[in-house]
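>>> Using only what follows, build the 3D model:
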Amino acid sequence: MDALLELEKAMLGIFLGIMIAIFISKLRRKQFKLPPGPTPVPIFGNWLQVGNDLNHGNLVDFAKRFGHLFLLRMGVRNLVVVSSPELAKQVLHTQGVEFLSSLTLVCQLVTGNGQDLVFTNYGEHWRKMRRILTVPLFTNKVVQRYRFGWEDEAARVVADVKANPESSTNGIVLRKRLQLMMYNNAYKIMFGRRFESEDDPLLLKLKASSWERIRLTQSLDYNYGDFIPVLRPFLKGYLRLCKQVKDERFQLFKDNFVDPRKMLVNTRRVDNDSLTCALDHLLEAQQQGDITEETIFHIVDGLDIAAIDTTLRSIEWAIAELINHPEVQKKLRHEIDSVLGVGVQVTEPDTHKLPYLEAVIKETLRLRMGVPLLVPHMNLHDAKLGGYDIPAKSKVVVNAWWLANNPAHWKNPEEFRPERFMEEESNVETNGNDFRFLPFGAGRRSCPGIMTALPIMGITLGRLVQNFELLPPPGQSKIDTAEKRGQFLLQILKHSTVVAKPRSI
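Below you'll find the model as predicted:
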């Protein structure tokens, strides 16, 4: 009897919560001139019309119906979608401070309520994180310090592919070897460590853990907990799994990287010359009382995902496009041979002498943008945008993929044509100087990883093209470039088998 009474109370509480939310929503809606969008229904808003799949392609369809600024009412939350360069500039630059925050239900959990750099709300913590992380991660000195290691890792990839007899006949899943390269590039910067083999037990654990974290944060299952907070009790199992994965990852980092590094730091005098990896800088910041050990784990966790997965996916996309466009691959190879000399291996400084290589990278990032909706933004207070009112705590996303693939702004955008960045779009750069092309975002929340991602892509693609003829597997004329779309990520659906025939140099 008591249990039944408690259930009745719980159901009544949920009902009253929903009704109050609807009442408040209606009151607020009368006060605002909201952007256009589909008509919402009580409780669910537009959720039943839109569904869970809020990928960039579906949002393009809504933009074509409702315009470059539209509103989706997802339960009790507003989702504002921006799809024009002018409005993107407002959100990311002109009114960047107003729309600088960003935190969802699952991100709150995996980032400790925004203790990392990517999802922290704008304020003192955000400024502190940028200050602490800029020196070890986001300057040209970092590129000059680590570029020899990147070149060495690329050379090892070439050597391993040449040594594998399958690579030139039936082909190999090149992504697996490139993933090892990316882990070594990232972990050398973060921890001063590298792995010798794809089968390293610790590496296998880290890869499995990273994949599970990406899967959970990219999942559509948690949306209803964000959209209708009174339904969050039904997410207990999902959130419990998220916490378990987070705790396991923290333990991996603690046991294998943080604690051993602490012991090493404690045995020597620490000065600027002895800070040899990013973790050293974080530990120093902890000793000075700027951050806690928990914050260190959240920062490391976020960097582990951001520094490896996005660049790896972009390299994979570029290889697929080069295989499917042999004339582009041939032209790129000719540029490298002509500028550097046949057999002279591409280095980081060389990438700036190879405009067609840079154009291939730009075109890959335009057509196959790794994070097509950028990092979600949020306004903590009521704001104005495009002549409309944006209520406080609205989730604001910029459909950067559509900005870069809208035929109103680009000539034949569906084509993979690097020449566009040497011809009609020659002034467009990857740093956000043109709001039609924002692969790394723009403004305060732009991705600082541009400093390392571009040179690593240039070195890797340059070395592969100058040493191999890259081909589809036997019996196929092209690589399958079907897309797997998520709420934030765009990746290739199938990790393709690639034939890499060594060139006679």
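>>> Look up phi and psi at Val428.
As for Val428, its main-chain torsions (degrees, to the nearest 10) stand at phi -90, psi 130.
>>> quick one, what contacts it?
Lys362, Phe421, Asp434, Arg436, Phe437 (CB atoms under 8 Å, 6 or more residues apart in numbering). C-beta here means a position set from N, CA and C on the backbone, and glycine is covered the same way.
>>> how near is it to Leu54?
28 Å (CB to CB, to the nearest Å).
>>> For stretch 468-486, buried residues please.
Phe468, Glu469, Leu470, Leu471, Pro472, Ile479, Thr481, Arg485, Gly486 (16 or more other CB atoms under 10 Å).
>>> Next, give me the two most distant ones among those.
Farthest-apart pair in the buried residues of stretch 468-486 is Glu469 and Gly486; separation 32.8 Å (CB to CB).
>>> could you pull out the strands for the stretch 351-500 of the chain?
Taking DSSP state E, counting those that start in this stretch to define them, one finds strands in the stretch 351-500 of the chain at 377-378, 383-385, 388-390, 395-398, 468-471, 483-485, 490-492, 499-502.
>>> how about the last one: buried residues?
Residues of strand 499-502 classed as buried by neighbour count (16+ other CB under 10 Å): Val499, Ala500.
>>> Now do that strand: which elements does it pack against?
strand 468-471 (3 or more CB pairs under 8 Å, 6 or more residues apart in numbering; DSSP states H and E).
>>> what's the distance between the strand it packs on and the middle of its chain?
28 Å (CA atoms, centre = their mean, to the nearest Å).
>>> partners of that strand in the sheet?
Strand 468-471 has the following sheet partners, assigned by DSSP bridges: strand 499-502 (antiparallel).
>>> Could you export the strand it pairs with as PDB, CA atoms only?
Coordinates of each C-alpha in strand 499-502 appear next as PDB, following Å, rounded to 0.1, in the frame of the first residue of the first chain:
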ATOM      1  CA  VAL A 499      46.100  -1.100 -51.700                       C
ATOM      2  CA  ALA A 500      49.400   0.700 -51.300                       C
ATOM      3  CA  LYS A 501      51.900  -0.100 -54.100                       C
ATOM      4  CA  PRO A 502      55.400   1.200 -53.400                       C
END
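>>> mean confidence score for that strand?
Per-region confidence: strand 499-502 scores 97 on mean pLDDT.
>>> quick one: contacts of it?
Taking contacts as CB under 8 Å, 6+ apart, the residues outside strand 499-502 that touch it are 161-162, 167-172, 174, 464, 467-474.
>>> Distance from that strand to the middle of the chain?
30 Å.
>>> ditto for stretch 309-326
Distance, centroid of stretch 309-326 to centroid of chain: 16 Å (CA atoms, centre = their mean).
>>> next one: stretch 176-188
On CA atoms, centre = their mean, the centre of stretch 176-188 falls 16 Å from that of its chain.
>>> that older thread, could you dump the strands of the stretch 351-500 of the chain into JSON lines and include distance to Arg145?
Listed next are the strands of the stretch 351-500 of the chain as JSON lines, based on distance: least, CB to CB, whole Å:
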{"stretch": "strand 377-378", "distance to Arg145": "33"}
{"stretch": "strand 383-385", "distance to Arg145": "41"}
{"stretch": "strand 388-390", "distance to Arg145": "43"}
{"stretch": "strand 395-398", "distance to Arg145": "33"}
{"stretch": "strand 468-471", "distance to Arg145": "29"}
{"stretch": "strand 483-485", "distance to Arg145": "35"}
{"stretch": "strand 490-492", "distance to Arg145": "30"}
{"stretch": "strand 499-502", "distance to Arg145": "30"}
